[in-house]
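J.: attaching a predicted model along with its sequence, questions to come.
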Amino acid sequence: MNTETVIKGRSLWSDARRRFFQNKAAVAGVIALTCIVLISFIGPYFAVWSFEEIDWDTMGSAATLGKPSFASGHFFGTDDLGRDLYSRVLQGTRVSLKVGIIGAGIAVIVGTVYGTVAGYVGGSTDQIMMRIVDVLMSIPFMFVLILLLVIFGRSETMIFIGIGMFAWLDMSRIVRGQTLTLKNKEFVEAARATGVSTPTIIRRHIVPNLLGIVAIYATLLVPAMILTESFISFLGLGVQEPKTSWGALISEGAGTIRYDTEWQLLFPLAFFVITLFSFFFIGDGLRDALDPKDR
Amino acid sequence: MSEPILSVRNMKVWFDVRDDAAGGIFPKTKKLKAVDGVSFDLMPGETLGIVGESGCGKSTLARSIIRLVKATSGEAIWMGRDLLTMSDSDMLTVRKDIQMIFQDPLASLNPRMTCGEIIAEPLKTHSKGMGKAERREKVSAMLEKVGMDPSHINRYPHEFSGGQCQRIGIARALITNPKLIICDEPVSALDVSVQAQVVNLLMALQKELGISLLFIAHDLSVVKHISDRIMVLYFGNVVEIGTSKQVIEAPQHAYTQKLIASIPIPDPRKEMARREVRRAKRAAK
């Protein structure tokens, strides 16, 4: 057969990509998010001050001397202790995005594997696995997370463990439900009739058909993770000083707003809000692109 | 006469279903006898049509033979060995020889795989040593055989029509050179004109390759066209089995007679005449 005559099929993925890029809000979200990520990684090379360095001149008089200005090298101004807010916001962005993406990553991997196995194997295995999920879900997760941070000390790893422990529960339920409907589809039966082994069926037939819904849920999970981390940081239990994150920065900014240092709140808040909106728009766009029937 | 390729003996498939009438704290179960003691023989190269109304156990019977559904008791002797008791690894080698075609053409194809990948799947399972190029060659040859354009090998199922999807399903079933194909209502989801094409394709391929067919349908006119023999099922039991001609022209059992009387005649005048006769009969009573 001549390879040139072979017609290239249009997969469901390429269809979805086309629909996604027709969605203006989603594309704007992608662009905004890309900008934020780029700034957070490239930005530090332009910083005059590091995120932990204290500018002793402005310390104590942030409202007057710590204003955002190019002359002083504090592009976003300084915080109450005279540290450069520009560097701190970028550093906080990296931490918050890391928590969001790693947290969602854990949820996606663990939740997908757990959910597909429970759903596909079925029977009493399914019952036991899903009851474990029910039990874990009934535990107040924020309470456990706070306890973990108090007992084992504040660290990024502890936040990952704490968030990762609970974030996959919803995911596994969603994936299990989808697997149950896929399992009875005729193409799975066809594969079983041919003698394809169970792990191969899960890998070749179940998971690719789940990826759409997993991708949607994952993009919506990232902001949820960021919000959780921010809440923890807002309570003062997040990452260890001098490192910071959006939640901690917003908390500090909100605390000092009555001293006329509104930039301490507005800059981190802007990053935070833009990122969350971007993720939600992308999630919406993905949902519309991947499930055209569900609209 | 030669040895049967498949003989099913006293096949029973019972399901436990919740008995809502029984009440009580713990739901009691009752047996649903989907297939209740079915026996038949299938000769090499023969087509056996299985007919019956919805829920009479046609599909369950077919699925129990290839162990997609667990049989409660009975035997399915495939070339001298019982399919129902053999080990999984032995069963895997047999699966190469028994393939299946499904009712819903689109649902039986994985929407994320190209038509080439779908057809190649049985090859990947049963001929693990086969190279990529050789597999592709075989797949395009098979596409041609079922009357499709081999240049469509990289297309996805949603880009094909129902009839084309069913052809892909047939190609997938044929790729391992099976000895038996179980067709579970392969044409009931298709338009009448496409039905004829697919049925004729199946018959032509059967003639060429000498495959046996188990052809399940609820449409007697299709079964009549393709089958050598017909088996009529009613509530999990065989009510009648015989050559196509016998069953259609001289049905013995009352249920078969009713089934045959319900076939619409594709000629409005004759159909009207038949209705007149029936009305007259009813009036005479």
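T.: Structure's in. What do you need?
J.: only C-alpha atoms from now on, for both contacts and neighbour counts.
T.: Fine.
J.: SS state for the residue in the stretch 101-250 of chain A positioned nearest to chain B?
T.: Using C-alpha to the nearest C-alpha, residue A:187 is the residue of the stretch 101-250 of chain A that sits closest to chain B, at 3.9 Å. The local conformation at residue A:187, judged by DSSP: H, G, I helix; E, B strand; the rest coil, is helix.
J.: quick check: chain neighbours aside, which residue is closest to it?
T.: In space, and not counting its chain neighbours, residue A:187 is closest to residue B:108: 3.9 Å by C-alpha to C-alpha, 6 or more residues apart in numbering or on different chains.
J.: what's the neighbour count on the one you found?
T.: A count of nearby residues for residue B:108, using other C-alpha atoms under 10 Å in any protein chain shown, gives 23.
J.: sec struct for it, please.
T.: Under the three-state scheme (three-state DSSP), residue B:108 adopts coil.
J.: what's the answer for the one 3 residues further on, then?
T.: Under the three-state scheme (three-state DSSP), residue B:111 adopts coil.
J.: doesn't residue B:105 make contact with residue B:184?
T.: No - at 10.9 Å, residue B:184 and residue B:105 do not qualify as touching, with contact defined as C-alpha atoms under 8 Å.
J.: okay, the two: which has more neighbours?
T.: Between residue B:184 and residue B:105, counted using other C-alpha under 10 Å, the more crowded position is residue B:105 (26 against 22).
J.: sec struct for that one, please.
T.: Under the three-state scheme (three-state DSSP), residue B:105 adopts coil.
J.: who's in contact with the closest residue to it other than its chain neighbours?
T.: Ranked by C-alpha to C-alpha, 6+ apart and with sequence neighbours excluded, the top spatial neighbour of residue B:105 is residue B:166, at 4.8 Å. Residue B:166 sits next to B:105, B:106, B:186, B:198 when contact means C-alpha atoms under 8 Å, 6 or more residues apart in numbering or on different chains.
J.: likewise residue A:44?
T.: Per C-alpha under 8 Å, 6+ apart, neighbours of residue A:44: A:50, A:87, A:90.
J.: assumed it was part of a strand.
T.: No - counting by three-state DSSP, residue A:44 is not part of a strand but helix.
J.: tell me which other helices or strands the helix or strand harbouring residue A:115 touches.
T.: Residue A:115 belongs to helix A:85-121 when elements are defined using DSSP states H and E. With contacts defined as 3 or more C-alpha pairs under 8 Å, 6 or more residues apart in numbering or on different chains; DSSP states H and E, helix A:85-121 has these neighbours: helix A:24-42, helix A:123-137, helix A:156-183, helix A:207-234, helix A:246-255, helix A:263-290.
J.: buried ones in it?
T.: Counting neighbours by 16 or more other C-alpha atoms under 10 Å in any protein chain shown, one finds that the buried residues in helix A:85-121 are A:85-108, A:110-120.
J.: what's the spacing between that helix and its chain's center?
T.: Here the centre of helix A:85-121 is set off from its chain's centre by 5 Å, with C-alpha atoms, centre = their mean, to the nearest Å.
J.: between that helix and helix A:156-183, how many degrees?
T.: 40 degrees (axes from the mean of the first three to the mean of the last three C-alpha atoms, to 10 degrees).
J.: can you get me a residue count around residue B:133?
T.: Neighbour count of residue B:133, defined by other C-alpha under 10 Å: 9.
J.: that should have said residue A:125, apologies.
T.: Residues near residue A:125, counting by other C-alpha under 10 Å, number 14.
J.: which residues does the residue lying closest to it once chain neighbours are set aside contact?
T.: Excluding the flanking residues, the one nearest residue A:125 by C-alpha to C-alpha, 6+ apart is residue A:118, at 6.5 Å. If a contact means C-alpha under 8 Å, 6+ apart, then residue A:118 has A:125, A:126, A:127, A:129, A:130, A:176 as its contacts.
J.: could you identify the helix or strand that succeeds the one helix or strand the residue nearest to residue B:105 maps to?
T.: Here residue B:166 is covered by helix B:162-174, with elements defined by DSSP H and E. Remark: after helix B:162-174, the chain's next helix or strand is strand B:180-184, criterion DSSP H and E.
J.: neighbouring strands for that next one, and are they parallel or not?
T.: Here strand B:180-184 is paired, per DSSP bridges, with strand B:98-101 (parallel), strand B:212-216 (parallel).
J.: next SSE downstream of that strand?
T.: Taking DSSP H and E, what comes next after strand B:180-184 is helix B:192-209.
J.: looks like the residue of the stretch 101-250 of chain A closest to chain B contacts residue B:107 (just checking).
T.: Yes - between residue A:187 and residue B:107 there is a contact under C-alpha under 8 Å: 6.2 Å.
J.: contacts only, for residue 115.
T.: This is for chain A. A:171, A:172, A:173, A:174, A:175, A:176, A:177, A:179.
J.: to clarify, I was referring to chain B.
T.: Residue B:115 is in contact with B:152, B:153, B:154, B:155, B:156, B:157, B:168, counting by C-alpha under 8 Å, 6+ apart.
J.: now do the phi/psi pair for it.
T.: phi -60, psi -40 (degrees, to the nearest 10).
J.: mind pulling up the pLDDT for it?
T.: On the pLDDT scale, residue B:115 is placed at 89.
J.: how about residue B:114, nearest residue that isn't a chain neighbour?
T.: Excluding its sequence neighbours, the residue lying closest to residue B:114 (C-alpha to C-alpha, 6+ apart) is residue B:156, at 4.5 Å.
J.: got the contacts of residue A:115 as CSV, with pLDDT, distance to residue A:236 and neighbour count columns?
T.: Below are the contacts of residue A:115 laid out as CSV (pLDDT from 0 to 100; distance: C-alpha to C-alpha, whole Å; neighbours: other C-alpha atoms under 10 Å in any protein chain shown):
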residue, pLDDT, distance to residue A:236, neighbour count
A:171, 89, 28, 26
A:172, 92, 31, 28
A:173, 91, 32, 21
A:174, 90, 33, 19
A:175, 91, 34, 26
A:176, 92, 36, 26
A:177, 91, 38, 16
A:179, 91, 40, 25
